[in-house]
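A.B. asks: fold the following for me, if possible:
(chains A and B)
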Amino acid sequence: MQAVFVTAYTAVTACGQGLKPLLDGLLQQRSFLMPARLIKPDFLTFTGEVEAPLPEIADHLKAYDARNARLALAAIDCENGVFRSAVAKAVGCYGAQRVAVIIGTSTSGIYETELAYQAHAESGVVPECYDFKHQHAWVASADFIKKELGLGGPCYAISTACSSSGKAIAAGQRLIETGICDAVIVGGVDSICHLTLHGFNSLELTSQHPCTPLDRDRDGISLGEGAGLLLLERERRDDTRARLAGYGESSDAYHMTAPHPEGGGSAQAMRSALNMAKLKPEAIDYVNLHATGTRLNDQSEMCAMAALFGPDTPCSGSKGMTGHTLGAAGAIEAVITLLALQYGFAPGTCGIRHVDQTFNSHVLSETIQMPDIRYVMSNNFGFGGNNVSLIFAKEDANG
Amino acid sequence: MDNAALAVLGTGISFQNPDTALEFGYEGCDMQAELLPAMLRRRTSVATKMAFAAAERACRSAGSDPSGLPVIFTSSLGEIAVTDKLCNDIAQKRFPVSPTQFHNSVHNTASGYWSIAVGNKHPAMAMAAYQDGFALAMLEAWSQLHTIEEKLLLVCYEETPPQLLLPGNHWIGCAAAFVLASGEGKHVNAARMSMPRCEQGKRGQQGYGDISPALAAIPLLQAVEQRISGKVQLSPAGDGSWFSELFQPDE
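C.D. replies: Residues are numbered from 1 along each chain as shown, chains lettered A, B, ... in the order given. Okay, the predicted model is just below:
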């Protein structure tokens, strides 16, 4: 595989807008899950919501105005717009036509559609500002990002539930390797919405507490929202600190919502990623698990982990801090592994009290320093048995 | 001819409405899918049924075992009828929502059921690019077949959208599927297509892709079936339409 460089990355999560609050959250192991506020369902559930006011969509792109687009814009412009500047540099270097956009999302702007249906139910009229194509269609956020940043390359959405944005990162590498483009903005965005809050509750997969992935007493997920974006480039820059070293994708071919009990599909995705990166399992310093916090998901993934890595590879989950951001999880958790690489640590599992003793893996309860960290893996698995595993490698300052 | 061209090994099509199939000259290309288990047939959408029917026809025409092909499913709206129903339930506060409808609303419902029904453990992509979805799925296929895969199944499908979401939109329910392969020197009897390209500023002709996003596959499908060479439009008329060059085996 041709390595592609991660020249910039950004995220907006329940921790706050930007990398700094996310990094602080990881180092302090702080949970940002609180009782649901944006939408208040008639059952108790905790969510990781992006609190601070989100930026306004520019007038000429108002048709795209949706919570998802605002989350994406916040990711582009937070922390003094470092991500936007990096994209501008790439455009200057390769030309706008050579920069593509691939964005993962599970439900896209369905939040706006829910509001429109509600207004229709109450008044018989759909609000004038509602625009399905620009707000809810699965490619809407990708399209918005393309227009907001003035890009001209190929643009599409990937929607494979919770593996969406992990797969977007893999697809971005392929576009660069095949010469279709020279840089790609990859990532994911998803907002809290009625559909997922109620849907996961109907499936009896939602916890009534802040979720506690990998814990012996875990009892379900807490939803989150956010956006994660990475700029992948053909060429490295002086300040580039990471590259995508490999990825693996697979299907369980087992069940629509339940994972394969022994984690056959997830093990296959991880194995493919290792093969592509030409690495042995022991080379991986840290694995960010999908770890949603349901009984079966965590059990299945840890079965695969133990089979592939044995008991020593440090691993943890992040959803006890951010909530499960669904289609954005792959990108946000990729960002977490990139922070781990950049700052030399491996995050603990936020919210964990007692590691499930049936797991034969080195689950990190606490965040640990890891100055020599070189290779990290990030896993995401979605409905339909759709699996992806990514490996990032540290780029030294001297290349 | 472009050595890196993709070989088209098989094609398939299906329509929501059998009369429409007739109008387009595809008699009998309804949405009956043998590979869709009876239990699923009752609770899957028109979108998923059409995708299955086109996919299994393409596999049959290519002589390929469906369990051995990675897949790319593309649709502008995906499970839009299920989504419409769930949004109505939510607006009317009909709780709890159906758990089955909920997991059947994800965009990768069709590709997920396909992988389960045919026992396919290869990667499954589900993507969208509104009306350019077919062209960009072809581009995604191109990039996969020049990096990690040798053969794959591409399925493009669209059901007629609910009027509340897209008033005045009457896209025809249809699905088209292709078995594609890479490899120079192999598949010598198959038609080959060049890398899809977007011609900026060039407005393509109004055509099938303007009637429905899945119908954007028809010009390529017909050129393959009728052994016609030349430039094929892969997307609707727009500011930048997508094209590919098709070559026949003797060229």
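A.B. asks: low-confidence ranges, the chain, go.
C.D. replies: Just so you know, I chose chain A. A:397-399 (pLDDT under 70).
A.B. asks: hmm, I had chain B in mind actually
C.D. replies: In the predicted model, chain B carries pLDDT under 70 at residues B:1-3, B:184, B:202.
A.B. asks: so what's the residue nearest the centre of it up against?
C.D. replies: Nearest to the geometric centre of chain B sits B:Cys156, at 1.1 Å (C-alpha atoms, centre = their mean). Residues near B:Cys156 by C-beta atoms under 8 Å, 6 or more residues apart in numbering or on different chains: B:Thr74, B:Ser75, B:Gly133, B:Phe134, B:Ala137, B:Ala175, B:Ala176, B:Ala177, B:Pro213, B:Ala214, B:Ala216, B:Ala217. Heads up, the C-betas are built off the backbone N, CA and C, glycines and all.
A.B. asks: who are the contact partners of A:Thr261?
C.D. replies: Residue A:261: Pro, not Thr. A:Pro261 neighbours (C-beta under 8 Å, 6+ apart): A:Leu296, A:Gln299, A:Ser300, A:Cys303.
A.B. asks: the first one is in contact with A:Ala258, isn't it?
C.D. replies: Yes - in this structure, A:Leu296 sits in contact with A:Ala258. The criterion is C-beta atoms under 8 Å, and the distance is 5.9 Å.
A.B. asks: which helix of chain A spans the most residues?
C.D. replies: Longest helix in chain A by number of residues (criterion: DSSP state H): helix A:67-94.
A.B. asks: which secondary structure elements does the next helix or strand after that helix sit against?
C.D. replies: Note on helix A:67-94: by DSSP states H and E, the next helix or strand toward the C-terminus is strand A:99-104. Here strand A:99-104 touches helix A:67-94, helix A:140-148, strand A:155-158, helix A:164-177, strand A:183-190, going by 3 or more C-beta pairs under 8 Å, 6 or more residues apart in numbering or on different chains; DSSP states H and E.
A.B. asks: quick check: B:Ser105 touching B:Thr83?
C.D. replies: Yes - taking contacts as C-beta under 8 Å, B:Ser105 lies within contact range of B:Thr83: 5.1 Å.
A.B. asks: mutual contacts of those two, please.
C.D. replies: Residues touching both B:Ser105 and B:Thr83 (C-beta under 8 Å, 6+ apart) are A:Leu195.
A.B. asks: neighbour count: the two, which is higher?
C.D. replies: Neighbours were counted for B:Ser105 and for B:Thr83 using other C-beta atoms under 10 Å in any protein chain shown; B:Ser105 has more, 28 against 25.
A.B. asks: list phi and psi for that one.
C.D. replies: Main-chain torsions, B:Ser105, degrees, to the nearest 10: phi -100, psi -10.
A.B. asks: what's the distance between stretch A:315-328 and the middle of its chain?
C.D. replies: On the basis of C-alpha atoms, centre = their mean, to the nearest Å, stretch A:315-328 sits 8 Å off its chain's mean C-alpha point.
A.B. asks: hang on, B:Ser115 in a helix?
C.D. replies: Yes - the assignment for B:Ser115 is a helix, going by DSSP: H, G, I helix; E, B strand; the rest coil.
A.B. asks: now the residue of chain B found nearest chain A, nearest residue through space, not along the chain?
C.D. replies: Nearest residue of chain B to chain A, counting by C-beta to the nearest C-beta: B:Gly112, 2.3 Å away. Leaving aside its sequence neighbours, B:Gly112 sits nearest to A:Gly384 (C-beta to C-beta, 6 or more residues apart in numbering or on different chains; 2.3 Å).
A.B. asks: that neighbour sits in which helix or strand?
C.D. replies: Applying DSSP H and E, one finds A:Gly384 in no helix or strand.
A.B. asks: give me the number of residues near residue 238?
C.D. replies: Reading this off chain A. There are 6 residues near A:Asp238, going by other C-beta under 10 Å.
A.B. asks: look at chain B instead
C.D. replies: Neighbour count for B:Gly238, taken as other C-beta under 10 Å: 15.
A.B. asks: repeat that for the one 5 residues further on.
C.D. replies: Here the count is done by other C-beta under 10 Å, and B:Phe243 has 18 residues near it.
A.B. asks: for A:Thr240, list the residues it contacts.
C.D. replies: A:Thr240 makes contacts with A:Phe5, A:Val6, A:Thr7, A:Glu395, as judged by C-beta under 8 Å, 6+ apart.
A.B. asks: quick one: which of the contacts of A:Pro261 is most hemmed in?
C.D. replies: Counting neighbours by other C-beta under 10 Å, the top entry in these is A:Ser300, with 25 neighbours.
A.B. asks: mind checking how far that residue is from A:Val388?
C.D. replies: Using C-beta to C-beta, to the nearest Å, A:Ser300 is found at 15 Å from A:Val388.
A.B. asks: show me the contacts for the residue of the stretch 251-399 of chain A found nearest chain B.
C.D. replies: Proximity of the stretch 251-399 of chain A to chain B (C-beta to the nearest C-beta) peaks at A:Gly384, 2.3 Å away. Applying C-beta under 8 Å, 6+ apart to A:Gly384 gives the contacts A:160-161, A:251, A:256, B:106, B:108-109, B:111-113, B:115-116, B:124, B:126.
A.B. asks: one more: A:Ser251?
C.D. replies: Taking C-beta under 8 Å, 6+ apart, one finds A:Gly265, A:Gly384, A:Gly385, A:Asn386, A:Asn387, B:Gly112, B:Ser115, B:Asn120, B:Lys121, B:His122, B:Pro123, B:Ala124 in contact with A:Ser251.
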